[in-house]
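Chemist: coordinates for the following, if possible.
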Amino acid sequence: ESAVRETSMLVEVADAVAGDFRPLIRATGVVRPARDILLRPRIGGEVVELSAAFVPGGFVDRGGQLLRIDDADYRIVLEQRKSELQQAIALLEIEQGRQDIAERDYRQLGKTLEDDNRALVLREPQLRSAEAAVQSARAALEKAQLDLDRTRISSPFDAQVLSREVNLGSQVSDGDTLARLVGDDQYWVETTVPLDRLRWLSFPDEGGLSGSVVTVRHNTAWPAGQTRNGRLYRLVGELEGDTRMARVLVTVDDPLSLQETSAGLPQLLIGSFVQCIVEGRLIRDVVKIDRKHVRKNDTAWVMKDGRLEVRQLDIVFMDAEHAYTRKGLDNGDQVVTTSLSRVREGAALRLKPVGGD
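Modeler: Take a look at the predicted model:
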């Protein structure tokens, strides 16, 4: 026994654990806004009013007015269009009276005319022209009202102002950029994963299946231990540049921690690089060990009855921390964690005393 103890190698071990596990897939991504627009007017004029919230970094509600363009000219045009509509209606009423007279005269004439001549006698073309004039005037009035309404420019959704390009007194034209707005209810993290990892990811579908849970962390900006939760949202149908990796989108709700449910959580900043830890699909009936304990040619060293056994593994998946195998290990097997200079099947092993050599 003493001879065996002299030649046996001192090792440390860790227990293999059997069960169902979700592998963790790590990736780095860039924060993007889910909704991002350049706000532009549909009419021109002088900016005469700005909202107090309409500043870079300001938050605006959906429908909240951001600025107002001088509407004096548009009010004048609106009144002109109202007058033109009233005039067209009056002309239509006059023409309708003339048609009534023409129809009475035609009946008194007691003759039957061809359709074309009958339409002329009854002033049908003049009536259609008058009706068309009313329709055109009504459309012009609606357009004038739209232009007047468009002098008040509001946010199309709850948003944060990233930049503002105008000020009081600015002259703007149709299509000029007024500001950049991004939705504050949700951000995306655009990241990439290897193609062979895709089958382990879950994306939402029409059946209501939720995407894989994602833990988002900004290592350089957030205090230790602080994270945000997100979910896989979409697989983008394009590979990333030269890396040939799959592009995926992760959604994070309330990224700026504006709601009570997110109170105290760190904010996501657009353009920042963050780490994503994605929970993969459930792997059933496997044994988990630290990936650093997987040896050459997908083997593991196991201490069994004081002897070394080299086990061949059937690794289903290997993430950044663990390897998951269907064969080669059982629950509770003592996996050797010590690096051995001599690896021989059946070599004598003994456990290193806790706290000693």
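Chemist: what does the strand of greatest length in the chain rub up against?
Modeler: Looking across the chain with DSSP state E, the single longest strand is strand 228-240. Residues outside strand 228-240 that contact it (CB atoms under 8 Å, 6 or more residues apart in numbering) are 188-190, 192, 195, 198, 201-204, 210-217, 245-253, 255, 265-266, 268, 276, 278. To be clear about C-beta, it is placed using only N, CA and C from the backbone, and glycine gets the same treatment.
Chemist: at 6 Å instead, please
Modeler: With CB atoms under 6 Å, 6 or more residues apart in numbering as the test, strand 228-240 has contacts from 192, 201, 203, 211-212, 214, 216, 247-252.
Chemist: most neighbours of all these, which one?
Modeler: residue 248 (28 neighbours; other CB atoms under 10 Å).
Chemist: ramachandran angles for that residue?
Modeler: Phi and psi for residue 248, reported as degrees, to the nearest 10, are phi -130, psi 150.
Chemist: what's the pLDDT at the closest residue to it other than its chain neighbours?
Modeler: With sequence-adjacent residues excluded and distances taken as CB to CB, 6 or more residues apart in numbering, residue 248 is closest to residue 235, at 5.5 Å. For residue 235, the pLDDT comes out at 89.
Chemist: what sits against residue 278?
Modeler: Contacts of residue 278 by CB under 6 Å, 6+ apart are 25, 212, 214.
Chemist: what of residue 40?
Modeler: 175, 177.
Chemist: can you map out the helices along the stretch 1-150 of the chain?
Modeler: Taking DSSP state H, counting those that start in this stretch as the criterion, the stretch 1-150 of the chain carries its helices at 2-7, 72-109, 115-121, 124-149.
Chemist: of all these, which one comes closest to residue 66?
Modeler: Minimum separation from residue 66 across the helices of the stretch 1-150 of the chain (CB to CB) falls at helix 124-149, 14.3 Å.
Chemist: list the buried residues in whichever helix or strand comes after that closest one.
Modeler: Sequence order places strand 152-154 as the next helix or strand after helix 124-149, per DSSP states H and E. For strand 152-154, the neighbour count (16 or more other CB atoms under 10 Å) marks residue 153 as buried.
Chemist: partners of strand 152-154 in the sheet?
Modeler: When pairs are called by DSSP bridges, strand 152-154 turns out to pair with strand 65-69 (antiparallel).
Chemist: now the strand it pairs with and helix 124-149, what's the angle there?
Modeler: In terms of direction (axes from the mean of the first three to the mean of the last three CA atoms, to 10 degrees), strand 65-69 departs from helix 124-149 by 120 degrees.
Chemist: and for strand 65-69, what's in contact with it?
Modeler: Taking CB under 6 Å, 6+ apart as the rule, strand 65-69 contacts 45, 47, 48, 49, 50, 51, 54, 151, 152, 153, 154.
Chemist: look up how far residue 137 lies from the first one.
Modeler: Using CB to CB, to the nearest Å, one gets 24 Å for the distance from residue 45 to residue 137.
Chemist: could you count how many residues lie near residue 185?
Modeler: Using other CB under 10 Å, residue 185 has 16 other residues around it.
Chemist: can you get me a residue count around the residue nearest to it when sequence neighbours are not counted?
Modeler: Counting by CB to CB, 6+ apart, residue 158 is the residue found nearest to residue 185 once chain neighbours are left out, at 5.9 Å. Look at residue 158: counted by other CB under 10 Å, it has 17 neighbours.
Chemist: any idea how far residue 266 is from residue 158?
Modeler: On the measure of CB to CB, residue 158 and residue 266 end up 20 Å apart.
Chemist: quick revisit: any chance of the contacts of strand 65-69 in TSV, plus distance to residue 12 and pLDDT?
Modeler: Formatted as TSV, those follow (distance: CB to CB, whole Å; pLDDT from 0 to 100):
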residue	distance to residue 12	pLDDT
45	78	95
47	72	96
48	77	96
49	73	95
50	68	96
51	66	95
54	64	95
151	76	96
152	73	96
153	69	96
154	66	95
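Chemist: one step back: any chance of a markdown table for the contacts of strand 228-240, columns distance to residue 321 and secondary structure?
Modeler: Below are the contacts of strand 228-240 laid out as a markdown table (distance: CB to CB, whole Å; DSSP: H, G, I helix; E, B strand; the rest coil):
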| residue | distance to residue 321 | secondary structure |
| --- | --- | --- |
| 192 | 20 | strand |
| 201 | 18 | coil |
| 203 | 24 | coil |
| 211 | 22 | coil |
| 212 | 17 | coil |
| 214 | 16 | strand |
| 216 | 18 | strand |
| 247 | 24 | strand |
| 248 | 21 | strand |
| 249 | 25 | strand |
| 250 | 20 | strand |
| 251 | 25 | strand |
| 252 | 23 | strand |
